[in-house]
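1. I need the structure of the sequence given here:
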Amino acid sequence: MKKATTTMKKSKSRSNEAKGGDSPSRLIDARIKDLSDWRGEMLARVRGLIKQADPDVVEEVKWRKPSNAMRGVPVWEHAGIICTGETYKAVVKLTFAKGAALKDPSGLFNSSLEGNERRAIDIREGDKIDEKALKALIRAAVALNTSKQAAARPVRSQKRPKNA
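-> Next up, the predicted model:
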């Protein structure tokens, strides 16, 4: 019985999103507006760069809980999570879910360097963004996600066995 209630809540939430009420994009817009300082401007700027790098990116808001005032964390996905955009007092942090597997020739990753999976970019007030390098990193993350998705699918041969 409890499971049905959870399903009903999710369905209701999805119908609100379909109407544009609490869509992830609107929630991210609201988050940017609420920040009303350099962090909001920076989050909006990197969001634009992510969308330029991958026009098929899907925006989500995850991990909405009381500890983050139910705002959640902006997440950009394409065949899996590309990166998240968290805001802290002194930084805007872009965390790449599979950053450790990405080549970073421009050296954008400057945080969470010791992990086996994630890598992050901490952007501080006044920092300049290497837009070309960030877009390349986004595209590399998408390529990694889509290649893993393709590799997970079984390959079926077009030829039939001779004894069939």
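2. just give me the neighbour total for the closest residue to Asp130 other than its chain neighbours.
-> Nearest residue to Asp130 in three dimensions, chain neighbours excluded: Ser106, at 5.6 Å (CB to CB, 6 or more residues apart in numbering). In this view, the C-beta of every residue, glycine as well, is placed from N, C-alpha and C. For Ser106, the neighbour count with other CB atoms under 10 Å is 12.
3. in this structure Ser106 contacts Lys135, no?
-> No. Here Ser106 lies out of contact with Lys135, judged by CB atoms under 8 Å, at a distance of 10.8 Å.
4. now do the helices in the protein.
-> Per DSSP state H, the chain has helices spanning 2-18, 24-35, 38-53, 131-152. These are given in chain order.
5. give the contact list for the residue sitting nearest the centre point of the chain.
-> Nearest to the geometric centre of the chain sits Trp76, at 2.4 Å (CA atoms, centre = their mean). Applying CB atoms under 8 Å, 6 or more residues apart in numbering to Trp76 gives the contacts 47, 50, 54, 57-60, 82-85.
6. point out where this protein drops to low pLDDT.
-> The chain contains residues with pLDDT under 70 at 1-21, 67-70, 149-164.
7. 50 instead, please
-> 1-20, 157 (pLDDT under 50).
8. give me every residue that touches Glu117.
-> 97-101 are the contacts of Glu117 under CB under 8 Å, 6+ apart.
9. cool, and Asp34?
-> With CB under 8 Å, 6+ apart, Asp34 has these contacts: 40, 71.
10. before we move on, what about Thr87?
-> 31, 35, 39-40, 43, 93.
11. swap the cut-off to 6 Å and go again
-> Residues in contact with Thr87 (CB atoms under 6 Å, 6 or more residues apart in numbering) are Arg39.
12. do Arg71 as well
-> Arg31.
13. change it to 10 Å
-> 27-28, 30-31, 34-35, 61, 63-65, 87 (CB atoms under 10 Å, 6 or more residues apart in numbering).
14. which of those count as buried?
-> 27-28, 31, 35, 61, 87 (16 or more other CB atoms under 10 Å).
15. got a markdown table for those residues, with distance to Ala120 too?
-> Listed next are those as a markdown table, based on distance: CB to CB, whole Å:
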| residue | distance to Ala120 |
| --- | --- |
| Leu27 | 22 |
| Ile28 | 19 |
| Arg31 | 18 |
| Leu35 | 19 |
| Val61 | 19 |
| Thr87 | 13 |
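16. and the furthest pair within those?
-> Spatial extent of these (CB to CB) is set by the pair Leu35 and Val61 at 14.5 Å.
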